[in-house]
Structures are given as structure tokens and as C-alpha cells.
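>>> Everything below, folded, please.
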Amino acid sequence: MTTTDKIWMDGELVDWDDAQVHVLSHSLHYGLGVFEGIRCYRCDDGSSAVFRLDDHARRLRDSAHILSLDCPWSQDEIATACLDTIKANGLKECYIRPLLYLGEGEMGLAATSNKVHLSIAVWPWGAYLGDDAIKNGIRLKTSSLQRYTVNSFMTKAKATGQYINSILASREAANSGYDEALLLDVDGFVAEGCGENLFMARGGRVKTPNIATVLEGITRDTVITLLRDQGVDLVEERFTRDEIYIADEAWFTGTAAEITPIASLDDRKVGPGKPGPITKALQETFFAVIRGKQPSYEHWLTRVPS
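Residues are numbered from 1 along each chain as shown. Below you'll find the model as predicted:
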């Protein structure tokens with residue numbers, strides 16, 4: 001991991017090495033915290049822009065609200081702090097990680113009096129699954145683990161502790177020689193990847209799982225908008241993993257993953273085993289949008305002050 005100079009913590013920019021938390025911080029012990037993954041891109045005109053910053057700041061506060069965490073910072077304050085942190089580190093492109101967490105104090109589970117903290121770190125980060133994955137696709141394996149249910153965790157919150165499910169699935173896939181894992185819901189239908197939403201295309205029609213048991217991904221929403229603007233027939237519904245086996249193409253979406261094609265699932269090629277025409281066209285449009293080359297989607301970009 002590439003370190004940077006400054007991290008924003010509770011309203012102050014501190015040196016990277018000084019961005020410390022107490023060992024008895026409640027969130028460290030019990031996993032009650034919320035976070036976001038956001039990207040800042042260098043645009044073709046030389047400026048830098050954060051993609052859908054306001055939506056990410058809103059979701060951070062929404063996640064905190066779902067988990068009954070009192071966030072002392074407004075949506076605008078969070079967005080401004082992200083921009084200030086990018087500028088302080090002099091980065092033209094970076095990944096942005098806001099983290100809202102409970103500090104030390106009560107060690108009981110409820111911990112109603114512990115102070116809520118917010119940190120924002122930024123660092124350079126390329127393609128999440130590698131440049132080759134973006135170009136040629138990844139090998140996917142259905143996990144032995146299930147995605148959690150709506151009555152066991154709050155699925156609309158991007159919560160830290162809930163990612164243990166994803167970590168275990170990701171490690172299982174990696175240890176078996178695959179790039180990433182596919183998680184099914186408790187009824188056996190396709191849910192999502194370890195940190196990505198999933199789309200598949202068959203016969204010119206695109207499907208993505210409905211949001212009942214998956215995170216409302218911001219890149220997912222972006223892709224749905226782009227496809228519908230292009231007149232592509234798209235539905236949100238349940239489907240099984242073997243429908244992916246016989247799909248024409250499939251891909252993951254996510255802030256980290258961006259648009260990552262799926263070459264195979266469970267050792268079955270998906271389509272020809274390489275990115276299909278819908279995936280490639282979507283990648284071309286998406287990367288044009290984030291580089292500021294699509295004026296109709298300029299409202300998704302927040303320019304970093306020079």
C-alpha cells in the first residue's frame with residue numbers, strides 16, 4: 001500500500017503516522033462502523049474529479065443512521081473533507097476511504113456513550129482486481145458461504161463488520177486459485193461478489209439481482225442508468241448461478257472493481273470466455289464519463305479545487 005502525507009481525522013489533517021486510534025476503540029473489538037470507497041480520477045482536461053461524491057457522502061450518513069450511529073458531520077462537510085484531503089496530499093488520482101467508527105469508552109455491546117469519530121484517508125490505487133482483469137475478465141467461483149439475510153444484518157448499510165462474510169469468501173476463492181467469489185443468498189439465488197454487484201446479459205437482455213439482499217451499489221446505479229439511457233432492456237430480478245453459465249456475458253461493478261468482466265464461473269466459460277459487446281461498450285462509456293468526456297453526465301463529477 002502506498003502511503004500519503006495526511007489523513008483527515010475529526011476535522012484535522014494529521015500526518016499519516018500520527019493517525020492513530022486507541023486499542024480499546026469499540027469498533028475495533030465489535031465491528032460497528034461504516035465506511036465508503038470513493039474514487040478520484042484525472043480528467044482529460046488535466047483537472048481531477050471525484051465520481052459521485054455527494055452520493056457516497058449521503059450513503060455514509062445513511063449507513064450510520066441505519067446502525068444508530070450519530071454522525072456529527074453533514075453530507076456537505078464530509079464531501080468537503082474528502083476534497084480537502086485529496087488536495088492536502090497533492091494527488092491527481094486516488095482512492096478515498098471515509099470511516100466512521102466508535103472510539104473507546106464503554107466496552108459493553110450497546111456502548112451508547114462512546115464518541116463517534118470520522119477519518120478520511122486517500123492513496124493511489126489502480127484496478128482492484130488488476131489491469132488484466134479489466135481487459136480480459138476474471139475467473140469466478142461460487143462460494144460455500146451464503147450472503148447474509150435481511151434479518152441477520154442490515155443489508156443497506158455499508159458496515160465494517162459485515163465484510164467478514166466477504167473476507168472469508170474472498171480468501172476461499174483465492175486459496176482455490178480463483179480471482180473472486182460469487183455469493184448466493186439463503187434461497188440459492190445469485191446475490192453479489194465479495195465487494196461487487198453483478199450483471200449478466202443473455203439474448204440482448206441484461207439482468208441484475210434486485211436490491212433485497214445486496215448493497216445498493218453506486219456504480220451499480222451508474223451502470224443501470226447508462227444502460228437504460230442507451231435503450232438496453234434491463235430488469236432487476238432473481239436468477240440462479242446456472243443462468244450465468246449460459247449467459248452471453250457477465251460483469252462485476254463497484255467503485256474499486258469499476259467494470260470488471262467475468263470470463264468464467266465455476267470453470268464454465270461465460271459466453272466466449274472474454275468480455276462481450278455490451279460489457280466493452282459499457283466500459284468505454286463508463287471510462288469516458290469518469291474522465292469528464294461525457295458532458296451529459298458531468299453532474300456526477302465533483303472537481304477538486306486547484
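>>> Give me the residue ranges of the protein where confidence is low.
For the chain, no stretch is flagged by pLDDT under 70.
>>> Pull stretch 233-251 out as PDB, backbone CA atoms only.
Output of stretch 233-251 as PDB, limited to C-alpha atoms (Å, rounded to 0.1, in the frame of the first residue of the first chain):
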ATOM      1  CA  ASP A 233     -33.500  -3.900 -21.900                       C
ATOM      2  CA  LEU A 234     -32.700  -4.300 -18.300                       C
ATOM      3  CA  VAL A 235     -34.500  -6.000 -15.400                       C
ATOM      4  CA  GLU A 236     -33.800  -6.400 -11.700                       C
ATOM      5  CA  GLU A 237     -34.800  -9.900 -10.600                       C
ATOM      6  CA  ARG A 238     -33.700 -13.100  -9.100                       C
ATOM      7  CA  PHE A 239     -31.800 -15.600 -11.100                       C
ATOM      8  CA  THR A 240     -29.700 -18.700 -10.500                       C
ATOM      9  CA  ARG A 241     -26.000 -19.300 -11.000                       C
ATOM     10  CA  ASP A 242     -26.500 -21.700 -13.800                       C
ATOM     11  CA  GLU A 243     -28.100 -18.900 -15.800                       C
ATOM     12  CA  ILE A 244     -24.800 -17.200 -15.700                       C
ATOM     13  CA  TYR A 245     -23.200 -20.400 -17.000                       C
ATOM     14  CA  ILE A 246     -25.300 -20.000 -20.200                       C
ATOM     15  CA  ALA A 247     -25.200 -16.200 -20.300                       C
ATOM     16  CA  ASP A 248     -23.700 -14.400 -23.300                       C
ATOM     17  CA  GLU A 249     -21.600 -12.200 -21.000                       C
ATOM     18  CA  ALA A 250     -21.400 -11.100 -17.300                       C
ATOM     19  CA  TRP A 251     -19.600  -8.500 -15.300                       C
END
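>>> Show me which residues of the one helix or strand Leu145 maps to are buried.
Leu145 belongs to strand 138-146 when assigned by DSSP states H and E. When burial is assessed from 16 or more other C-beta atoms under 10 Å, strand 138-146 yields the following buried residues: 138-143, 145-146. Heads up, the C-betas are built off the backbone N, CA and C, glycines and all.
>>> okay, these in CSV with distance to Tyr95 next?
Compiled in CSV, the buried residues of strand 138-146 are given as follows (distance: C-beta to C-beta, whole Å):
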residue, distance to Tyr95
Ile138, 19
Arg139, 24
Leu140, 23
Lys141, 26
Thr142, 28
Ser143, 25
Leu145, 26
Gln146, 29
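>>> just curious, which of the residues you listed is nearest to Thr302?
Closest approach between the buried residues of strand 138-146 and Thr302, by C-beta to C-beta: Ile138, at 29.9 Å.
>>> which ones are touching that closest one?
Neighbour list for Ile138: 129, 178-180, 252, 260-263 [criterion: C-beta atoms under 8 Å, 6 or more residues apart in numbering].
>>> same deal with Ala64?
Taking C-beta under 8 Å, 6+ apart as the contact definition, Ala64 lies against 34, 70-71, 100, 116.
>>> rewinding a little: and the strand holding Leu145, which strands flank it?
Taking DSSP bridges as the criterion, strand 138-146 forms sheet pairs with strand 180-184 (parallel), strand 258-265 (parallel).
>>> List the buried residues of the next helix or strand after that strand.
Past strand 138-146, further along toward the C-terminus, the next helix or strand under DSSP H and E is helix 163-175. Residues 165-166, 169-170, 172-173 are the ones in helix 163-175 that count as buried (16+ other C-beta under 10 Å).
>>> now for those residues, which pair is the farthest apart?
When the buried residues of helix 163-175 are compared pair by pair using C-beta to C-beta, the maximum separation belongs to Asn165 and Ala173, at 13.0 Å.
>>> Restrict stretch 176-190 to CA atoms and write it as CSV.
Once non-C-alpha atoms are left out, stretch 176-190 reads as follows in CSV (Å, rounded to 0.1, in the frame of the first residue of the first chain):
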residue,chain,number,x,y,z
SER,A,176,-8.6,-22.3,-4.6
GLY,A,177,-6.9,-20.4,-7.4
TYR,A,178,-9.8,-18.1,-8.5
ASP,A,179,-9.8,-14.3,-8.8
GLU,A,180,-13.0,-13.7,-6.8
ALA,A,181,-16.1,-15.3,-5.3
LEU,A,182,-19.8,-15.3,-6.1
LEU,A,183,-22.1,-15.4,-3.1
LEU,A,184,-25.7,-16.7,-3.3
ASP,A,185,-28.5,-15.7,-1.0
VAL,A,186,-30.0,-18.1,1.5
ASP,A,187,-32.5,-19.3,-1.1
GLY,A,188,-29.8,-20.2,-3.6
PHE,A,189,-30.2,-17.2,-5.9
VAL,A,190,-27.3,-15.0,-7.1
